[in-house]
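**Q** pasting the sequence and the predicted model now:
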Amino acid sequence: MTDADETPTEREAHRLYDAEGDPTTERPWIIRTYSGHSSPKASNQLYRSNLAAGQTGLSIAFDLPTQCGYDSDDPIARPEVGKVGVPITSLDDMHVLFDEIPIEKMNTSMTINGTAMWLLALYVALARERDVPPAELTGTTQNDLIKEYLARGTYIFPPADSLRIIAEMYEYCLEEIPSWNASNICSYHLQEAAATPTQELAFSLANAISLLDLIKERGHFTDEQFARAVGRISFFVNSGIRFVEEMCKMRAFGELWEEYTGDRFGVTDPKYRRFRYGVQVNSLGLTESQPENNAWRILIETLGVTLSRDARARAVQLPAWNEALSLPRPWDQQWSLRLQQILAYETDLLEYPDLFEGSVVVESKVAELTRDARAEIETILGMGGVIPAIESGYLKSALVRSMSERVTRINDGEQIVVGLNRWTDGIPSPLLGGEDGGLFTLDETAIAEAMANLDTVRATRDGARAEAAIAALKAAARDGSSMMEPSIECALARVTTGEWAGALRDVFGEYRPATGVEGQRLGLSGDRVEALRARVEGLADTLGHRPKILVGKPGLDGHSNGAEVIAVSARHVGFDVVYSGIRLSPADIVQSAVEEGVDLIGASVLSGSHMELARQIVDGLRANGAERVRVVFGGIIPPSDFEKLAAIGVERVFTPADFELMDIMESITDVIETAAAPSAA
């Protein structure tokens, strides 16, 4: 049994054993949906309706400006406000977000990383202004910066400074909010970036070990406090479609964690060595093609973390069937919620001891995963831990290689994805009917309201108090003292999210990790690849230079897997490729395109901000006299926006349904050939 959010004592009370193996009944896991959108007011209404529908905990999705430390009216933030989560710019927004929700009774998970200390400070400040003792708060801040450098992209500060922030949160929480998880080590996004089970185990456990090494080195805790800090380490994992392997992975996680906490850190109390985890099942495998199939994928993936009692999650949140198309609507979230409730309350799953104990197959697979992961962990620790492994590009390159291999298997048909590369003919999904086409529509008036609230905060706060709070925060960052109390004072003084992050940017600077693209290759070959390479060579003769494309990630969307695969694919067929990583403004992309003399910009956007970002890129090219540069877009883009993008000047649109890499490369070549034709000059 594992648990991401209860204390070890609470969890032990819910372990129901029967020496004879007779059926027992166990309490269900915490049931959540990951949600938030548009504005604090709209999100509050959604949370209250989900709780009324039987959800037993909150999982807060924040928008990209909040995650990346920008106020909603910052130029780079404006296209992203409210798109993938709720915008939070001040303590006043937190009051609205949790209106009529008793935070002292709520288990709240906040998916926040680079600004995790800030959001926790806001939550504590909210409790203080409600006269709720902070010690009564329970929940989790995700707060795993390592996986942000590798897979998700909402990092802000350099690795050493980021780990210092996390360590300070552990020190504060252990003493002031003892039931709060200051971070959870998040392997979820590693699998979304195509990590193998071995990589997911090794990279996340090496991350946790490096964090504990730092906490121990700081010397803030006694041995007893350090053991309790080890007991507060929780994990947030992914469960993919190969549910037997996934279940074995979770058992391997538990064995390795007990081994390292005992052998490396000398923790003797077994309750502090238990592997505690929550889960969201895999989104990488969800398809835009025949999206109704995703409902069954989600159910099967859920079995990997619920079937085995000794490796069962105690907090589960599920994606919705249409996440490859858009944000889920309230009904879509309700459907995922009902799946959990049926599994927990209608089946007999919770009535029996572990079903796999003594299985030769399971024991063999767990042993294999444990052996391979341990070897990889020791390799990383031999480099000096996760920070050197990130700064050298070792971890990122490994993930890009895994993603390239996965895409190659799907393109070759070796890895079957039903409805995508096999059995592709099907009846159109009735789930995509109705006035909204089965897609979420953002309420622009709610976003305007959120922006107006930001102006009100700035106009009505005590300016001197806010300035003094920011100065105290900077001083703590510089002199090495804890930044938690200065952050809480910033929250109480109505300092904004952008101001808090900006203050620490002034001290720590910003960080841009290695892209991991250099030196990667696809496994695709054959006549079609050679024919395309010949076309690219022909273009070099026509253009007078090898055709060059810029693969760009405009805005704050940090999910770079698709962009990285396109960059690797383009090089594979002979293009020169410019790829500078994530979080670039449209102006940055245009400037790079002009300076590098590229022939085409391929922009990747998964956050729903494609319309505004496309407009800015095309307008920027015109303003620089670079209309000759062609523009294509890829990402989660609904078909209803295709014509609108074409009217702006986007020549091709690619979505998750376009999985054939050679189709995409041929289409890009078509665009450049057409532009290079004499009639186009």
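**A** All right, it came through fine. Predicted model, so just to flag it, every value in this text is computed and none were measured.

**Q** what residues sit buried inside stretch 515-533?
**A** Residues of stretch 515-533 classed as buried: T515, G516, V517, Q520, L522, L524, V529, L532 (neighbour count, 16 or more other Cβ atoms under 10 Å). For every residue, glycine as well, the C-beta is placed using N, CA and C.

**Q** redo those residues as JSON lines? Include distance to G463 and secondary structure.
**A** Formatted as JSON lines, the buried residues of stretch 515-533 follow (distance: Cβ to Cβ, whole Å; DSSP: H, G, I helix; E, B strand; the rest coil):
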{"residue": "T515", "distance to G463": "41", "secondary structure": "coil"}
{"residue": "G516", "distance to G463": "44", "secondary structure": "coil"}
{"residue": "V517", "distance to G463": "46", "secondary structure": "coil"}
{"residue": "Q520", "distance to G463": "51", "secondary structure": "coil"}
{"residue": "L522", "distance to G463": "56", "secondary structure": "coil"}
{"residue": "L524", "distance to G463": "59", "secondary structure": "coil"}
{"residue": "V529", "distance to G463": "62", "secondary structure": "helix"}
{"residue": "L532", "distance to G463": "60", "secondary structure": "helix"}
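
**Q** wait, a strand at V577?
**A** Yes. Per DSSP: H, G, I helix; E, B strand; the rest coil, V577 lies within a strand segment.

**Q** in the stretch 551-681 of the chain, which spans are strands?
**A** With DSSP state E, counting those that start in this stretch, the ranges of strands along the stretch 551-681 of the chain come out as 576-579, 600-605, 630-635, 652-654.

**Q** same check, this time on the stretch 251-400 of the chain
**A** Shown for the stretch 251-400 of the chain, the strands assigned by DSSP E, counting those that start in this stretch span residues 277-281, 315-317.

**Q** packing partners for the last one?
**A** Right, strand 315-317. The contact analysis (3 or more Cβ pairs under 8 Å, 6 or more residues apart in numbering; DSSP states H and E) places strand 315-317 against strand 30-32, strand 107-111, strand 277-281.

**Q** per-residue confidence averaged over that strand?
**A** Averaged over strand 315-317, pLDDT sits at 90.

**Q** what residues does that strand touch?
**A** Taking contacts as Cβ atoms under 8 Å, 6 or more residues apart in numbering, the residues outside strand 315-317 that touch it are 3-5, 29-34, 57, 59, 107, 109, 277-281, 302, 305-306, 340.

**Q** over to the first one?
**A** The set of residues that contact strand 277-281 without belonging to it, under Cβ under 8 Å, 6+ apart, is 2-5, 30, 34, 109, 140, 184, 188, 234-240, 250, 253, 298, 301-302, 304-305, 313-319.

**Q** can you turn the buried part of those residues into a ChimeraX selection?
**A** To isolate in ChimeraX the members of these that are buried, counting by 16+ other Cβ under 10 Å, one can use:
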select :2,3,4,5,30,34,109,140,184,188,234,235,236,237,238,239,240,250,253,298,301,302,304,305,313,314,315,316,317,318,319
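
**Q** which residue is nearest the centroid of the protein?
**A** Nearest to the mean C-alpha position of the chain, by Cα atoms, centre = their mean, lies R152 at 4.8 Å.

**Q** grab the nearest non-local neighbour of that one.
**A** Spatial nearest neighbour of R152, chain neighbours left out: H189 (4.5 Å); criterion: Cβ to Cβ, 6 or more residues apart in numbering.

**Q** and that neighbour, how far from Y149?
**A** 11 Å (Cβ to Cβ, to the nearest Å).

**Q** dump the strands of the stretch 251-400 of the chain to JSON lines, plus distance to R422.
**A** Converted to JSON lines, the strands of the stretch 251-400 of the chain look like this (distance: least, Cβ to Cβ, whole Å):
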{"stretch": "strand 277-281", "distance to R422": "22"}
{"stretch": "strand 315-317", "distance to R422": "29"}
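
**Q** ok, now which ones touch the residue nearest to R152?
**A** Shown in contact with H189 (Cβ under 8 Å, 6+ apart): K147, L150, A151, R152, N238.

**Q** and those residues, which of them are in strands?
**A** Among the contacts of H189, the members found in strands (DSSP state E) are N238.

**Q** quick check: the two most widely separated of the contacts of H189?
**A** Pairwise distances among the contacts of H189 were taken by Cβ to Cβ; the largest, 13.4 Å, belongs to L150 and N238.

**Q** give me the common contacts of these two.
**A** Here L150 and N238 have H189, L190 as joint contacts, going by Cβ under 8 Å, 6+ apart.

**Q** mind checking how far Q520 is from Y579?
**A** Distance, Q520 to Y579, using Cβ to Cβ: 11 Å.

**Q** meant to ask about Q280, not that
**A** As judged by Cβ to Cβ, Q280 and Y579 stand 28 Å apart.

**Q** and for A472?
**A** Distance, A472 to Y579, using Cβ to Cβ: 40 Å.

**Q** cool, E627 as well?
**A** The spacing between E627 and Y579, counted by Cβ to Cβ, is 23 Å.

**Q** please say which of those two ends up with more neighbours.
**A** Each of E627 and Y579 has its neighbours counted (other Cβ atoms under 10 Å); Y579 has more, 22 against 11.
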